[in-house]
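> Have a look at this prediction, sequence included:
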Amino acid sequence: MVYVISWDDFVERSIHLFRASPQNTRYVMKYRHSDAKLVLKVTDDKQCLKYKTDQAQDAKKMEKLNNIFFTLMARGPEADITEVTGKEQTAQPAKRGRGRKQ
């Protein structure tokens, strides 16, 4: 078991691992209050990816990863996760309405 240092690398490799073997992949979160450490583990029994952090700000990142896995599990491994990751191809400018000014 090797800890992945980069969060982006961990997410990318975890998604790839899940898509390669969705029936056998497990995702585990473990928090140790005494050490104030959060450990995330994704495994398919052949390959194991782990990420460890003690930063409170990483909780938001973990929440996004949970949403990605929920989407992949509910919609299937080939689901489009761009709306979950927030990585959109192009941003559209806001349209202005023709309403009256008040």
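Here it is on my side, so go on.
> Can you list the strands that the host helix or strand of residue 42 pairs with?
Following DSSP states H and E, one finds residue 42 within strand 37-43. Next to strand 37-43 in the sheet, as set by DSSP bridges, lie strand 26-32 (antiparallel), strand 48-53 (antiparallel).
> for those strands, which one sits closest to residue 11?
strand 48-53 (8.8 Å; CB to CB). Placement of C-beta: from N, CA and C, glycine included.
> Measure how the helix or strand that comes right after the closest one sits relative to strand 48-53, angle-wise.
Using DSSP H and E, the next helix or strand after strand 48-53 towards the C-terminus is helix 58-75. In terms of direction (axes from the mean of the first three to the mean of the last three CA atoms, to 10 degrees), helix 58-75 departs from strand 48-53 by 150 degrees.
> buried ones in helix 58-75?
By 16 or more other CB atoms under 10 Å, the buried positions in helix 58-75 come out as 58, 61, 62, 65, 68, 69, 71, 72.
> if I read this right, the fifth one contacts residue 11, doesn't it?
Yes: Residue 68 is in contact with residue 11 according to CB atoms under 8 Å; the separation is 7.4 Å.
> Take the strands paired with strand 37-43 and write them to a markdown table, including mean pLDDT.
Shown next, in a markdown table, are the strands paired with strand 37-43 (pLDDT from 0 to 100):
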| stretch | mean pLDDT |
| --- | --- |
| strand 26-32 | 91 |
| strand 48-53 | 94 |
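> Can you tell me which of those strands is packed in deepest?
Mean neighbour count (mean count of other CB atoms under 10 Å) peaks for strand 48-53 among the strands paired with strand 37-43, with a mean of 18.
> Give me the residues contacting that strand.
If you take CB atoms under 8 Å, 6 or more residues apart in numbering as the criterion, strand 48-53 is touched by 1-4, 7, 10, 13-14, 17, 37-43.
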